[in-house]
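Peer 1: what's the 3D shape of this:
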Amino acid sequence: MSTLKRFTVLLILFSLTACADKTTLMENQQKWATQNITHYKFGLTISCLCPWGGIQPFTVEVKDGQVISMTDKNGQPIPANYAKTFNEAATVEKLFGILDSAIGKASQITVAYDIAYGFPKSIQIDYSKWVMDDEIGYYMENFEVLK
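Peer 2: Residues are numbered from 1 along each chain as shown. Just a heads-up that it's a prediction; the model follows:
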């Protein structure tokens, strides 16, 4: 790959991923709201110093703002001891909420929004640059609108 192509790819990636701010958050929340999507599913990986790495990504199905199913990467129900934590990020609205509450409090936030729908498809939060292993990431994949 030529240097110019690499630079172009990096520039595009940088423009799609940026530090979080309230204005961009609100613009993307509005974009999501105007889509009027009431039934969808997606894969979600929560990255942290956590014990559940082997069951991710998990798949979430949401209808009318409520989680109707959460399954691990093998299609099995999420274990009860992880379900509460996973449920805290299991809808687009909850991911927006996580991002909103971190803005202004976290040391560093990096977010990438979906161009078509506006939801946060990637969120990385470092609450304190002085604390080791407090970082957390949320990564959406395979978003699908359902009927």
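Peer 1: other SSEs contacting the one helix or strand residue 44 maps to?
Peer 2: Taking DSSP states H and E as the criterion, residue 44 maps to strand 39-47. Secondary-structure packing of strand 39-47 (3 or more CB pairs under 8 Å, 6 or more residues apart in numbering; DSSP states H and E): strand 58-63, helix 80-87, strand 136-145. The way it works is simple: take the backbone N, C-alpha and C, and place the C-beta from them, glycine included.
Peer 1: low-confidence stretches in this protein?
Peer 2: Within the chain, the segments meeting pLDDT under 70 span 1-19, 49, 51-54, 131-133.
Peer 1: next one: the strand holding residue 44 to chain centre, how far?
Peer 2: Strand 39-47 sits 8 Å away from the centroid of its parent chain (CA atoms, centre = their mean, to the nearest Å).
Peer 1: swap in stretch 30-39?
Peer 2: In this view, stretch 30-39 has its centroid 16 Å away from the chain centroid, taken as CA atoms, centre = their mean.
Peer 1: buried set for the strand holding residue 44?
Peer 2: Within strand 39-47, the residues that count as buried by 16 or more other CB atoms under 10 Å are 40, 41, 42, 43, 44, 45, 46.
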